[in-house]
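Chemist: Any chance you could fold what I've pasted below:
(chains A and B)
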There are 2 protein chains.
Amino acid sequence: MDFQSLRSELLTKTKQQLHDAVTIDVSISQALSAYDDLQVQLNHLSKRLRDWTGYFVPELERRISTNAHFVQEISRGLAHEDSAMGGTPAQPTQQIIERFAKQINELYSFQEELLMYLEKTLQEFAPNLQVLLGTTITARVISAAGSLEHLSRLPSSTLQLLGAEKALFRHLRTGARSPKHGFIINHPLVSQASSKMRGKIARALADKMSICAKLDYFKGEFLAKKYLQDLEKRFG
Amino acid sequence: MDFQSLRSELLTKTKQQLHDAVTIDVSISQALSAYDDLQVQLNHLSKRLRDWTGYFVPELERRISTNAHFVQEISRGLAHEDSAMGGTPAQPTQQIIERFAKQINELYSFQEELLMYLEKTLQEFAPNLQVLLGTTITARVISAAGSLEHLSRLPSSTLQLLGAEKALFRHLRTGARSPKHGFIINHPLVSQASSKMRGKIARALADKMSICAKLDYFKGEFLAKKYLQDLEKRFG
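Modeler: Predicted coordinates:
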């Protein structure tokens, strides 16, 4: 084999490896980050729309507290709101405000689409974790671990604290109380429990999480529903 | 006149005053802030899209340096780019990435619309300033002053330094060098001048700015074109 063909073969192999490295893990992390970015930006843009429209329809601004709902209302038209207070904006101002609201509204829809994408992807890629933890927590733990493969190798004590790194290092450094839960604090079983029970439930949940991650990575059975029911029976 | 009708008359008057207080100034400031918000968010979202697509079409990511252009390219379809490196995303991933790009693309368009709204509004509301300073600088000085009325009362030395408050107070506090220009640093006459000439030009421009603000507020003549030509002849 001459140098040229060896070189070209190695190049092809490297490309193939690069290709394989592009797994679904990356898209899960990226979609989750985009989702989180949008959350911050939507809050900011909605606040801006509220400030602006507050000069024209102050009652509406006060009446509707949910941002998404407020934005939707304005996107339907600023004029249909018969305002007793406030002023009427000039035609071009009214138009640009309504366009602004429509734009934010579409961003809200797109954020929903991202969540649906994550849900469908995880149902296929990590069906056990998705059922045990729900879509966003599953995406967060995979993203934090870097990949499903890496997640499946972590001990359950680490899984329990994923997402609580700051509190963990504070504990190690200063002797402050050790954290009992990371991302899974948002799991209904943990968040709805009394603070006395939370550590215990978090540990039990992390145990099941560890099994589910392995099942999902090695394409094993679907057992998450049973696990979840067991946990709910025990702690619910 | 009984108490009831007096009360209702005063209420009507107050409402009218509130109504009048809602001037175009507010919408200029709000539109400008929305424009600036979007600038930050568009950079952030474009960066996110670049990161994500970089795994699939790394050449494209490197080839196109402008964010807006890159986003537009991806929104036309991730697949049409025949990638030698990188991997092919699954169908749903491809779809969500393209939807993401389209969404960012629309935000870019909306940002343009905001600028056009500002331009048209200022052409009517502050025609002299708009021609002398351009749309964004005019919007910034009105927004910083709070209103065109307030702007028209500021001395030209203040106008020259509007937007350089931080540097000004540092100068007063620590004796560091005094700033020579605020927002007008972005005016072509100032930004393209040698650093030796900048202070001089900024002062001359601020003088004209002061006259233009008064002309616009009191609905005077349109003289900005002549002023600008004079300045260009002197310093251009």
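
Chemist: Tell me the helices and strands packed up against the strand or helix carrying A:L231.
Modeler: Per DSSP states H and E, A:L231 falls inside helix A:224-235. In this structure, helix A:224-235 makes packing contacts with helix A:127-133, helix A:188-191, helix A:195-217, judged by 3 or more C-beta pairs under 8 Å, 6 or more residues apart in numbering or on different chains; DSSP states H and E. Backbone N, C-alpha and C define where each C-beta goes, glycine included.

Chemist: Could you export those helices as CSV, including mean pLDDT and distance to chain B?
Modeler: Formatted as CSV, the entries for the helices and strands packed on helix A:224-235 read as follows, by pLDDT from 0 to 100; distance: least, C-beta to the nearest C-beta, whole Å:
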stretch, mean pLDDT, distance to chain B
helix A:127-133, 97, 15
helix A:188-191, 92, 27
helix A:195-217, 94, 17
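
Chemist: Need the winner for burial among those helices.
Modeler: With neighbours defined by mean count of other C-beta atoms under 10 Å in any protein chain shown, none of the helices and strands packed on helix A:224-235 is more surrounded on average than helix A:127-133, at a mean of 24.

Chemist: hmm, the helix or strand just after it touching chain B?
Modeler: Scanning forward in sequence from helix A:127-133, with DSSP H and E defining helices and strands, the next element found is helix A:135-145. No: using C-beta under 8 Å from any C-beta of the partner chain, we find that helix A:135-145 stays clear of chain B, coming within 12.8 Å at best.

Chemist: What is the subsequent helix or strand relative to helix A:135-145?
Modeler: The helix or strand immediately downstream of helix A:135-145 is helix A:148-153, counting by DSSP H and E.

Chemist: what is the rounded mean pLDDT of that following helix?
Modeler: Averaging pLDDT along helix A:148-153 yields 94.

Chemist: elements contacting it?
Modeler: Applying 3+ C-beta pairs under 8 Å, 6+ apart, we find helix A:148-153 packed against helix A:135-145, helix A:195-217.

Chemist: on contacts alone, who are the packing partners of the longest one?
Modeler: Using 3+ C-beta pairs under 8 Å, 6+ apart, the elements in contact with helix A:195-217 are helix A:127-133, helix A:148-153, helix A:156-161, helix A:188-191, helix A:224-235.

Chemist: List of residues touching it?
Modeler: Under the criterion C-beta atoms under 8 Å, 6 or more residues apart in numbering or on different chains, residues A:125-129, A:132-133, A:141, A:148-149, A:151-152, A:154-157, A:159-160, A:180-181, A:184-185, A:187, A:189-190, A:193, A:220-224, A:227-228, A:231, A:234-235 lie in contact with helix A:195-217.

Chemist: before we move on, the earlier item: mind listing what's buried in the helix holding A:L231?
Modeler: Neighbour-count burial for helix A:224-235 flags A:A224, A:Y227, A:L228, A:L231, A:F235 (criterion: 16 or more other C-beta atoms under 10 Å in any protein chain shown).

Chemist: Can you read off the pLDDT for the last one?
Modeler: Note for A:F235: predicted pLDDT of 88.

Chemist: Make sure it is actually in contact with A:S194.
Modeler: No: contact between A:F235 and A:S194 fails when scored by C-beta atoms under 8 Å: they sit 10.3 Å apart.

Chemist: Got the phi and psi for A:D2?
Modeler: Note on A:D2: its backbone torsions stand at phi -80, psi 170 [degrees, to the nearest 10].

Chemist: Kindly report the same for A:F222.
Modeler: Dihedral angles of A:F222 (phi, psi; degrees, to the nearest 10) stand at phi -100, psi 100.

Chemist: Contact partners for it?
Modeler: A:P127, A:N128, A:V131, A:L215.

Chemist: so A:P89 is in which element?
Modeler: Counting by DSSP H and E, A:P89 is held by no secondary-structure element, helix or strand.

Chemist: Please give the three-state secondary structure assignment for the residue lying closest to it once chain neighbours are set aside.
Modeler: Sequence neighbours aside, A:F56 is the residue nearest to A:P89 in space, at 5.3 Å (criterion: C-beta to C-beta, 6 or more residues apart in numbering or on different chains). Reduced to three states with DSSP: H, G, I helix; E, B strand; the rest coil, the structure at A:F56 is coil.

Chemist: got it, and A:L42?
Modeler: Here A:L42 takes the helix state, with states given by three-state DSSP.

Chemist: That one against A:L107, yeah?
Modeler: Yes: taking C-beta under 8 Å as the contact criterion, A:L42 and A:L107 are neighbours in contact, 5.9 Å apart.

Chemist: With respect to chain B, which of the buried residues of helix A:224-235 is nearest?
Modeler: Using C-beta to the nearest C-beta, the shortest approach to chain B within these belongs to A:A224, at 21.7 Å.
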